[in-house]
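J.: whatever this is, show me its structure:
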Amino acid sequence: MYAWFFNDVLPGPLWIRILTTLVLLAAAVYGLMEFVFPWLSEYSPLGDVTLDDG
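T.: As a prediction, this is how the structure comes out:
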């Protein structure tokens, strides 16, 4: 699947395909960190602390 995407979908010579892949990966990570994960953390019980100081 990745070879198909890299060789057939992305245009241009190798260095442009590598640069395009890096930009797409950076955009995906940015989108996940800025929008998806904060929205998902509202519904996740992982941040709930149930320990007392006593």
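
J.: quick test: name the residue nearest the centre of the protein.
T.: Val29 (3.0 Å; CA atoms, centre = their mean).

J.: neighbours of Phe6, how many?
T.: By other CB atoms under 10 Å, 14 other residues sit near Phe6. Yep, even glycine has a C-beta here, placed from its N, CA and C like the rest.

J.: next one: it from Leu24, what distance?
T.: Separation of Phe6 from Leu24 (CB to CB, to the nearest Å): 11 Å.

J.: hang on, the earlier thing: centre of the chain to the one helix or strand the residue nearest to the centre of the chain maps to, how far?
T.: Using DSSP states H and E, Val29 maps to helix 14-31. Here helix 14-31 shows a centroid-to-chain-centroid distance of 11 Å under the convention CA atoms, centre = their mean, to the nearest Å.

J.: now the helix or strand just after it - C-alpha only, CSV.
T.: Sequence-wise, the next helix or strand downstream of helix 14-31 (DSSP H and E) is helix 37-41. What follows is helix 37-41, C-alpha atoms only, in CSV (Å, rounded to 0.1, in the frame of the first residue of the first chain):
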residue,chain,number,x,y,z
PHE,A,37,-6.2,14.3,20.6
PRO,A,38,-7.5,17.3,22.6
TRP,A,39,-11.1,16.5,21.5
LEU,A,40,-10.6,12.8,22.4
SER,A,41,-9.1,13.6,25.8
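
J.: just how off-centre is helix 37-41 within its chain?
T.: Relative to where its chain is centred, helix 37-41 has its mean C-alpha point 13 Å off (CA atoms, centre = their mean).

J.: can you tell me what sits against it?
T.: Contacting residues not belonging to helix 37-41 are listed as Gly47 [CB atoms under 8 Å, 6 or more residues apart in numbering].

J.: which of the residues in stretch 31-39 are buried?
T.: By neighbour count with 16 or more other CB atoms under 10 Å, stretch 31-39 contains no buried residues.

J.: between the two ends of that stretch, what distance do you get?
T.: Using CA to CA, to the nearest Å, one end of stretch 31-39 lies 11 Å from the other.
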